[in-house]
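**Q** Here's my sequence, what's the structure:
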Amino acid sequence: MITTILISAAIIWTYATLWFFISLWKKRNDVADIAWGIGYIVLAAYLFFTHPTSSHALLVYGLVTIWGLRLAVHIGLRMQNKPEDFRYKQWREEWGNSFLLRSYLQVYLLQGGILLLIATPLFIVSQSTERDWTWLTYIGISLWVLGFFFQAVSDFQLLRFKNKPENKGKIIQTGLWKYSRHPNYFGEICMWWGVFLIVLPLKFGYLAIISPLTITLLLIFVSGIPMLEKKYEGDPEFEAYKKRTNVLIPWFPKNKL
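**A** Numbers count the residues shown, from 1 in each chain. As a prediction, the model looks like this:
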């Protein structure tokens, strides 16, 4: 497995460097968000063509490919005719003269490193010859489907909301967003925990917990929820929405809209 991980690291380093140059050409660093999902597809393709494929491997590669492709297409559509994402724009301004180096290291190479960490289940299934599915496999698939529903539907609802001029500056509070302030992140977390359950019965499958733990911690405490909530901090509409709506796990609002 060590050789597989080293080759994968070289592939992702090359991939990240390519997207860094694309960002220079496009003059926007948020293309890294498109690269994120596609990177897993590249890794799954490498493992598929170079390693024996069990039914578990085909399942995990397939689920990750569906997730990564949908996410990349969604982000690409979201970026059309829009300025650079506020988070990347803020870093561009803060980093000043060191922008190029810090962009390469802190956006693209760091993202590549995190990608390899979250891709731990892919490495585990690439080494497995196990054919029989267990009850954990089916629970994992069900959890992944639930997560995919939440992420895909909430992303579509948000994109449609933001594309209406009359909603400019407003906070979406309908659809799945009525029950969670971040239903797309809830979906993302569910999907990776689902993949973990699929891989868990395999040899060294317990190591795959690195994947959902990493994505959960990142979204809840680092680059997901905190950055977005800070953007709307102090906005009266958001503060009212915040008081009645769960931050992550969907539930009925505390008061009627």
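
**Q** Now for Val42, how many residues are close by?
**A** Val42 has 17 neighbours, counted by other C-beta atoms under 10 Å. (C-beta placed from N, C-alpha, C; glycine too.)

**Q** show me what contacts the spatially closest residue to Tyr185 that is not a sequence neighbour?
**A** Once flanking residues are discounted, Tyr185 sits nearest to Leu219: 4.7 Å by C-beta to C-beta, 6 or more residues apart in numbering. Going by C-beta atoms under 8 Å, 6 or more residues apart in numbering, Leu219 touches His182, Tyr185, Glu188, Ile189, Ile225.

**Q** In terms of distance to Ala240, which of those residues ranks first?
**A** Proximity of the contacts of Leu219 to Ala240 (C-beta to C-beta) peaks at His182, which lies at 16.8 Å.

**Q** Make TSV out of the contacts of Leu219 and add neighbour count.
**A** Below are the contacts of Leu219 laid out as TSV (neighbours: other C-beta atoms under 10 Å):
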residue	neighbour count
His182	25
Tyr185	23
Glu188	23
Ile189	24
Ile225	17
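
**Q** What residues of the helix or strand where Leu71 lies count as buried?
**A** Secondary-structure assignment from DSSP states H and E places Leu71 in helix 55-79. For helix 55-79, a neighbour-count test (16 or more other C-beta atoms under 10 Å) marks 56-57, 59-61, 63-65, 67-68, 71-72, 74-75, 78-79 as buried.

**Q** For these, work out which two are farthest apart.
**A** Of all pairs drawn from these, the greatest distance, 34.6 Å, lies between His56 and Met79 (C-beta to C-beta).

**Q** Next up, the contacts around Ile141.
**A** Contacts for Ile141 (C-beta under 8 Å, 6+ apart) come out as Leu59, Leu63, Gly194, Ile198.

**Q** ok, it to Phe238 distance?
**A** Taking C-beta to C-beta, to the nearest Å as the measure, Ile141 and Phe238 are separated by 36 Å.

**Q** Tyr179 too?
**A** Tyr179 sits 16 Å away from Phe238, going by C-beta to C-beta.

**Q** Can you list the neighbours in contact with the helix or strand in which Arg102 is found?
**A** Using DSSP H and E, Arg102 falls within helix 99-103. Contact with helix 99-103 is made by Phe20, Ser23, Leu24, Asn29, Trp91, Arg92, Trp95, as judged by C-beta under 8 Å, 6+ apart.

**Q** The same query, at a cut-off of 10 Å, please.
**A** Here helix 99-103 makes contact (C-beta atoms under 10 Å, 6 or more residues apart in numbering) with 20, 23-24, 29, 32, 88, 91-96, 109.

**Q** Lowest mean pLDDT among the helices and strands, pick that one out for the chain.
**A** helix 86-95 (a mean of 84; mean pLDDT, DSSP states H and E).

**Q** got the buried residues for that one?
**A** Arg87, Tyr88, Trp91, Arg92.
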